[in-house]
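*Asks:* Any chance you can model this:
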Amino acid sequence: MDTQTIQRVRNGLNDPRIGPETIALMLTRVCNFSCVYCRGGRPATKNNRTRNVADELAAEELFELLADAHELQAKEINLGGMDGEPFCRMDIADIMTQIKKHCFTGSLTSNGSFLNVKMAKMMTDCGWDILLLSLDAADASIQQTLRPAHDGKPYFAGIIEFLDFLNRNESGLRILLNVVISKLNYKQLPELVKFADNYKNIESINVLKMLNMGLENYGDLQLNRQELNEFKSILFDLNSNKLKYLGNWLGGGDEEESGLSLRGAEISPLLREEPKRCYANYYILSIDSNGDVIQCPQHQKVIEGLNIRKTPLRELWANEHLQFRRKMADYAYCFDECCTILKEQNKLIYKNITPADIEKGR
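*Replies:* As a prediction, the model looks like this:
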């Protein structure tokens, strides 16, 4: 986060005409995976792709949104993958190309199952910027046990082909790995770090705590106290400049997690007494696959009455329905469950915004 973003938030507290810096688009709720710890989205079709889901924004609607976002001077378009896999859309290459034609920074979250040499060429040729890749292990059997495809087909070799192509061709694509820790892979983290060190495009590893999504097998996958202590030692002993983030750990007041730390981490643990304020909605606008505005990429609560199909982007951003942002800037009830990166951004904004700035925005 740079000083321009902080200034944008400061000005936006008092001026709703100042648009979002980032548009977070959930392109689809269709997913071709059955991850063991995830409730997942709607099943994909037989070929794992979908051309049209009735309620999803069509490509033409997305292109119009991108043009409006360009006029509002947005900087980044993030194609999210919380409940769906963006590459399940057959028009994904056209969408990504259009994003780059508007000179946005493009970021995309993927499970990696569609990655191969062809996809590496497409992303390199269109100048795509960031891929957030969900990779839980450097071992194909563990990865495909934790994150199996609906059709049972292996996909790990495609990820290797993709990464090897980037290595050979001096691609500028930045890759951020997201790894979810469970009983099945916590001991394998050192191997994943070694794996990442072999690929110059892999910039960082984000170590995520498994969330309880109400699945029956959650207890079977969660680390017990002994395993958590062992994981603490594993983390502390690792020494890699790519292992930077502790994801959503240390968020819920769990004292057993209080010893988690990384030697070279850029992220500091959240102090319990720090104010739980959220300014994310002053620089990020989150839109669901059907056009609904949602509270944020992490907490996908629909803001009733706001849909990009019904309201132009500039009007939507200034709409009074979005005044929940002011409440979140006072106290964010979902702060403990948020990811560390957003927490750190909020802490940085809070340190650089004066009480007078906040008072003006009331």
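*Asks:* Could you list every helix and strand in contact with the helix or strand hosting D68?
*Replies:* Remark: D68 resides in helix 59-71, with elements defined by DSSP states H and E. Judged by 3 or more CB pairs under 8 Å, 6 or more residues apart in numbering; DSSP states H and E, the packing partners of helix 59-71 are strand 22-25, helix 92-101, helix 313-318. The C-beta positions use only the backbone N, C-alpha and C, and glycine is treated the same way.
*Asks:* Columns distance to T145 on top of these, output as CSV?
*Replies:* Output for these, formatted as CSV (distance: least, CB to CB, whole Å):
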stretch, distance to T145
strand 22-25, 30
helix 92-101, 27
helix 313-318, 42
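*Asks:* Single out the most deeply packed of these.
*Replies:* Highest mean neighbour count among the helices and strands packed on helix 59-71 (mean count of other CB atoms under 10 Å): strand 22-25, with a mean of 24.
*Asks:* Sheet partners, orientation included, of it?
*Replies:* Strand pairing for strand 22-25, using DSSP bridges, gives strand 76-79 (parallel), strand 284-287 (parallel).
*Asks:* how distant is the helix or strand that it is followed by from the center of its chain?
*Replies:* Next helix or strand after strand 22-25 toward the C-terminus (DSSP H and E): strand 30-31. Remark: strand 30-31 is offset 16 Å from the chain centroid, using CA atoms, centre = their mean, to the nearest Å.
*Asks:* do the same with stretch 85-94
*Replies:* With CA atoms, centre = their mean, you get 17 Å for stretch 85-94.
*Asks:* Contacts only, for the spatially closest residue to G80 that is not a sequence neighbour.
*Replies:* Closest residue in space to G80, ignoring its immediate chain neighbours: M26 at 4.8 Å, by CB to CB, 6 or more residues apart in numbering. Applying CB atoms under 8 Å, 6 or more residues apart in numbering, we find M26 in contact with G80, M82, D83, G84, S286, I287, D288, S289, I294, P297, Q300.
*Asks:* Just the buried residues out of these, in ChimeraX syntax.
*Replies:* Buried members of the contacts of M26 can be picked out in ChimeraX with the line below, counting by 16 or more other CB atoms under 10 Å:
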select :80,82,83,84,286,287,288,289,294,297
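*Asks:* which one in the contacts of M26 is the model shakiest on?
*Replies:* In terms of pLDDT, the lowest of the contacts of M26 is M82, showing 69.
*Asks:* Wait, N290 touches A58, no?
*Replies:* No. Taking CB atoms under 8 Å as the definition, N290 is not a contact partner of A58, at 11.1 Å.
*Asks:* Now the helix holding D68: buried residues?
*Replies:* A59, L62, F63, E64, L65, L66, D68, A69.
*Asks:* CA atoms of that helix as PDB?
*Replies:* Extracted in PDB, the C-alpha atoms of helix 59-71 (Å, rounded to 0.1, in the frame of the first residue of the first chain):
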ATOM      1  CA  ALA A  59     -18.800 -10.400 -21.000                       C
ATOM      2  CA  GLU A  60     -20.400  -7.300 -22.500                       C
ATOM      3  CA  GLU A  61     -21.600  -6.200 -19.000                       C
ATOM      4  CA  LEU A  62     -18.200  -6.700 -17.600                       C
ATOM      5  CA  PHE A  63     -16.600  -4.700 -20.400                       C
ATOM      6  CA  GLU A  64     -18.900  -1.800 -19.700                       C
ATOM      7  CA  LEU A  65     -18.000  -2.000 -16.000                       C
ATOM      8  CA  LEU A  66     -14.300  -1.900 -16.900                       C
ATOM      9  CA  ALA A  67     -14.800   1.200 -19.100                       C
ATOM     10  CA  ASP A  68     -16.600   2.900 -16.200                       C
ATOM     11  CA  ALA A  69     -13.900   1.900 -13.700                       C
ATOM     12  CA  HIS A  70     -11.300   3.400 -16.000                       C
ATOM     13  CA  GLU A  71     -13.200   6.700 -16.000                       C
END
